[in-house]
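> Based on what follows, work out the 3D shape:
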Amino acid sequence: MSIIDTLTIAFRNLWRRKLRAVLTVLGMAIGTAAIVVMMSLGIGINEYFRESIERTGSMTTITVTNYRTNYSSDGMAEVYVSGLGGNDEIVLDNKAVESIEKIGGVVAVMPLMEYWGQAVNGQYYAHLNIMGVDIDKAELFEFSLAEGRMPSKHAGSAYEIVFGSWTLREFTHKRTYRQAVDAMGNPKLTLDSRFQLTFDYSNILSYDDMGMGQDGATVSKGKLYKLRPVGVMSEESNNYAWYSLMDIEAVKKLAKENKAYNELDTSRYSQIWVKCADTGQVLDIQNQIMALGYGATSAQDTLNMVTEQFASLQLLLGAIGSVSLLIAAIGIMNTMMMSIYERTKEIGIIKVLGCRMGNIAGQFLTEAAYIGLFGGSVGLAVSYGLSALLNMFVFAGDDMGIGSVMRSVIPMYLSAGAVGFSIVVALLSGMYPALRAMRLSALTAIRNE
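The predicted structure is shown next:
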């Protein structure tokens, strides 16, 4: 018997009992829809956290720090910070940059240097958390700006800077302490406003204002620098959105000139960013950096941790949906057994005519596979509909509640897997009835009324 004949006869046998076949397919569809929707919720939660992690930084970037974490025999973490408890001091300097650059798969290495100052505009001032970056390599590290451009290398009398995402809203009047914002909360100052940079508070508040009377003594004030903002950091797409960016060489120059107000060792870096060629190399390069003695973290770490935490949730949701699929499998087995009882005499005649045992079993397995295919396909269509309804009416518009995390996502692999799994479950359910039909005695079957 050819495959076409087997498929045709199996379909006709199902169609002879239309209502029973439709109800069995419907049970399979409900089971498939239940498991797909449940799994889609777990996948949706995982996707939400993955996107959140990706927004905080590139998946191919590693952050190298001057601390590392060791674990004691009882599993408790013991953090050793450079110069604060560790046996060996961890130094991030040019030597560290050079050693990391030698690792295979590293595209770029960019040191970062943190500094602090104040931006001044007339009677208004704001604190600045300044991050010095290598302008030549900054583009590779995908800094996201809400407006403007990255600062250029320092040249001339003005220092270019990219303000942090909230800096313009944080300018405060030095007398009234009112913020420089309008009634709608929008900043009154813009990138076109005139700003100065200082590291000495006496350029903003007098010593008397700060409670530091000098008894008439003359005090030299720190220098005021011309500051030219050329952009604003994006609020949503940066892990360092609150920092203001400057050329690292400009930061070093400013730090050397203002040691009296804000001392900084310009030979050391606060962090080092490492750009990898692709995501598949991140963990290997990260381990090599840690083997050199430095601390290293990446978005891949967080993503792996989140994935592991939600793996059990996905299994739980899948198990809940599988209950419906199990009930559908029992329905398929019952349908096949009823079909055997109804077609006992027919099976006996086929055997007498010389039909092979495998063909008889194949007929019943093909009928079961049809139920799995039709049920899985209908269930998948229902799943897409339910997923759309959940995302549109249940989870939509709930930015601060469960809807901000929950969503239903049905990827292609889940769709294909659902239909394939339905067919496999149907075949397993039809296995016993098929074997029973194959072992049925031809003489007993013919005598059956």
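> tell me which element L112 falls in.
Following DSSP states H and E, the helix or strand that holds L112 is strand 106-121.
> And E346, by the same measure?
helix 344-352.
> Then I327?
helix 299-342.
> Need phi/psi at I45.
phi -60, psi -40 (degrees, to the nearest 10).
> Give the residue spans of the stretch 1-150 of the chain that score low on pLDDT.
1, 53-57, 68-89 (pLDDT under 70).
> just so I have it, where are all the strands in it?
Using DSSP state E, counting those that start in this stretch, the strands of the stretch 1-150 of the chain run over 61-65, 67-71, 77-81, 106-121, 124-133, 145-148.
> Tell me where the model's unsure across the stretch 201-350 of the chain.
The model of the stretch 201-350 of the chain has pLDDT under 70 over residues 206-220, 237-239, 343-345, 347.
> I'd like to know how far D136 sits from L245.
Distance, D136 to L245, using C-beta to C-beta, to the nearest Å: 14 Å. C-betas here are computed from N, CA, C, even on glycine.
> and if you look at D301?
25 Å.
> and these two? which has more neighbours close in?
Ranked by neighbour count (other C-beta atoms under 10 Å), D301 and L245 place L245 first, with 27 against 16.
> got a list of what the more buried one touches?
Under the criterion of C-beta atoms under 8 Å, 6 or more residues apart in numbering, the neighbours of L245 are I130, M131, G132, V133, A138, F143, M150, P151, I161, V162, M233.
> Give me the neighbour count for the first one.
Using other C-beta under 10 Å, I130 has 23 neighbouring residues.
> what do you get for E249?
For E249, the count of nearby residues is 15 (other C-beta under 10 Å).
> and it, what element?
With DSSP H and E as criterion, E249 is part of helix 248-257.
> Moving along the chain from that helix, name the first helix or strand you hit.
Under the assignment DSSP H and E, the closest C-terminal helix or strand after helix 248-257 is strand 271-276.
> Give me the distance from stretch 413-425 to the chain's centre.
26 Å (C-alpha atoms, centre = their mean, to the nearest Å).
> Closest to the centroid, which residue in this protein?
When C-alpha atoms, centre = their mean is applied to the chain, the residue found nearest the centroid is R50 (0.9 Å).
> Please tell me how far the closest residue to that one other than its chain neighbours sits from L283.
Once flanking residues are discounted, R50 sits nearest to L303: 6.0 Å by C-beta to C-beta, 6 or more residues apart in numbering. Relative to L283, L303 is positioned 11 Å away (C-beta to C-beta).
> try A361
49 Å.
> the more surrounded of these two?
Taking other C-beta under 10 Å, A361 and L283 do not tie; A361 has more neighbours (19 against 16).
> G358 is in what secondary structure piece?
helix 357-389.
> residues of that helix that come out buried?
The neighbour-count check on helix 357-389 (16 or more other C-beta atoms under 10 Å) flags 360-380, 382-384, 386-387 as buried.
> continuing past that helix, what's the next helix or strand?
Following helix 357-389 in sequence, per DSSP H and E, is helix 412-439.
> ok, how many other residues are close to the closest residue to E47 other than its chain neighbours?
Sequence neighbours aside, V409 is the residue nearest to E47 in space, at 5.2 Å (criterion: C-beta to C-beta, 6+ apart). If you count neighbours by other C-beta under 10 Å, V409 ends up with 17.
> Tell me the pLDDT of V409.
With respect to pLDDT, V409 scores 88.
> just the one 4 residues further on next, same as before
According to the prediction, Y413 has pLDDT 90.
> before we move on, what about the one 5 residues further on?
In the predicted model, A418 carries a pLDDT score of 88.
> Tell me, how many residues neighbour the closest residue to it other than its chain neighbours?
With sequence-adjacent residues excluded and distances taken as C-beta to C-beta, 6+ apart, A418 is closest to V36, at 4.8 Å. Around V36 there are 29 other residues, counting by other C-beta under 10 Å.
> Same question for the one 5 residues further on.
Applying other C-beta under 10 Å, we find 20 residues neighbouring L41.
> which residues touch it?
Applying C-beta under 8 Å, 6+ apart, the residues near L41 are L317, M406, R407, S408.
> could you flag which of those are buried?
Using 16+ other C-beta under 10 Å, the buried members of the contacts of L41 are L317, M406, R407, S408.
> wait, is K153 part of a strand?
No. Assessed with DSSP: H, G, I helix; E, B strand; the rest coil, K153 is coil; it does not lie in a strand.
> Give the burial count for it, as a bare number.
K153: 12 neighbours (other C-beta under 10 Å).
> is it true that it touches V251?
No. With contact defined as C-beta atoms under 8 Å, K153 and V251 do not form a contacting pair (11.8 Å).
> domain parsing for the protein?
Domain assignment for the chain by automatic domain parsing gives 3-55+310-447, 113-266.
> Of all those, which one comes closest to I289?
Checking the domains of the chain against I289 by C-beta to C-beta gives domain 113-266 as the closest, at 16.2 Å.
> So what would you say the end-to-end distance of the closest one is?
From its first residue to its last, domain 113-266 covers 8 Å (C-alpha to C-alpha, to the nearest Å).
> Check S429 and give its pLDDT.
We have a pLDDT of 86 for S429.
> and it, what is it in contact with?
When contacts are counted by C-beta under 8 Å, 6+ apart, S429 touches A329, I330, I332, M333, M336, A368.
> residues contacting L92?
So L92 contacts V64, T65, N66, P111, R268, Y269, S270, Q271, I272, Y294 (C-beta under 8 Å, 6+ apart).
> Oh, that last question was meant for Q286, not what I typed.
Q286 touches I62, A296, T297, S298, Q300, D301, counting by C-beta under 8 Å, 6+ apart.
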